[in-house]
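Peer 1: turn this into a model:
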Amino acid sequence: MDGDSPIDATGTLVDGTKINGVASLRDALVKRQDQFVRVVTEKMMTYALGRGVEYQDMPTIRAIVRESAANKYRFSSIIMGIVKSAPFQMNMKMPEGEQRASR
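Peer 2: Residues are numbered from 1 along each chain as shown. Now for the predicted structure:
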C-alpha cells in the first residue's frame, strides 16, 4: 500500500516476460545475468566518466564484467574495475573557465 492506494507491481518486460512483484523481477534479471551486469557496468561507467559510453569503451566494459565474475558480480568488484580502468584513470576535467589548447 502507498498510503490508502494499493501498489500495482505488475508489468511486462520488453521481451514479453510478465512481472508480478519483486520475486518475478529478480527471476527475470537472474535469467539474463550477463546482460544485466553489462548494462549496469555501462551505466556506472557513464556516470564515472561524465560522458556517454562509446564503442571504444566496450572492450574495457567487457573486461570489467569478466573480472567481476570471479567475485560473483559483486557491486564492489564492478566499481573497482571502473576505478582501475584506463578510461577512468585518464579522464580529466577542465577547471571552469579553462579550455584545452588546440594543437
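Peer 1: where exactly do the helices run in the chain?
Peer 2: Secondary structure of the chain (DSSP state H): helices at 22-31, 33-49, 58-69, 75-84, 86-89.
Peer 1: possible to save those as CSV with mean neighbour count, distance to residue 7 and mean pLDDT?
Peer 2: The C-beta positions use only the backbone N, C-alpha and C, and glycine is treated the same way. Formatted as CSV, the helices of the chain follow (neighbours: other CB atoms under 10 Å; distance: least, CB to CB, whole Å; pLDDT from 0 to 100):
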stretch, mean neighbour count, distance to residue 7, mean pLDDT
helix 22-31, 12, 11, 92
helix 33-49, 15, 23, 95
helix 58-69, 16, 32, 96
helix 75-84, 15, 26, 96
helix 86-89, 12, 38, 93
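Peer 1: nearest to residue 9, out of those helices?
Peer 2: helix 22-31 (7.1 Å; CB to CB).
Peer 1: pull the residues that contact the closest one.
Peer 2: Contact with helix 22-31 is made by 9, 13, 17-19, 36, as judged by CB atoms under 8 Å, 6 or more residues apart in numbering.
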